[in-house]
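Trainee: Quick one: sequence plus predicted model below, questions after.
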Amino acid sequence: MSETKTINVAAAIFYRDNKILAACRADKENTGLWEFPGGKVEAGETSEQALRREIQEELHCTVQAAFFYDTVTYSYPTFDLHMDCYICTLNESESPIVDPKVHSELHWLAQNELLDVQWLPADIELIKQLGTFWNDIFASQHL
Ligand SMILES: Nc1nc2c([nH]c(=O)n2[C@H]2C[C@H](O)[C@@H](COP(=O)(O)OP(=O)(O)OP(=O)(O)O)O2)c(=O)[nH]1
């Protein structure tokens, strides 16, 4: 029996003006589902390096601060996901830009809007946790 492969992903929970950034996937498989921007960790990269590279490639902007928050693990039918999630800030002068090859739209969601979009299955528990502990998580003076 072959083992299920593990995919290592790095994802950014961007925080600005008391909202977080959600991105709607444009790929065939997951089209219309929402995620945290990011992508696969490549050989030789740390997850934070992957995060910074993916954000530059996908959103054409630069991660300023990145604080490791949690690792999400989830078993999809064809692979096991291992996703390192970072709470991130952007430089004030920058705004993320939609790359239609990757995302159809981006939304900044407030605490009470988190469940207004349909998240990828692996993200749902994390989203609920962010909603419940919002003030504790984002009260840091670093943000
Ligand atoms: N970026 C991201 N991926 C997620 C999240 N939740 C979740 O289940 N995933 C899954 C979807 C994908 O199967 C996988 C990430 O792959 P990806 O397609 O975004 O990676 P990538 O940008 O490196 O894409 P590619 O070059 O391989 O096409 O992780 C999330 O919040 N953010």
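Mentor: Looks like it arrived, so ask away.

Trainee: what are the ranges of the strands in this structure?
Mentor: Assigned by DSSP state E, the chain shows strands spanning 5-16, 19-25, 34-35, 38-40, 63-75, 79-90, 103-109.

Trainee: so which of these gets nearest residue 138?
Mentor: Shortest distance between residue 138 and these, using C-beta to C-beta, is found for strand 5-16: 5.7 Å. (Glycine included, C-beta is placed from N, CA and C.)

Trainee: gap between that closest one and the chain center?
Mentor: Chain-centre distance of strand 5-16: 5 Å, with C-alpha atoms, centre = their mean, to the nearest Å.

Trainee: let's have the chain start at 34 instead
Mentor: Sure, I'll start counting at 34 from here, so that last one is strand 38-49.

Trainee: gap between stretch 51-70 and the chain center?
Mentor: How far stretch 51-70 lies from its chain's middle: 8 Å, per C-alpha atoms, centre = their mean.
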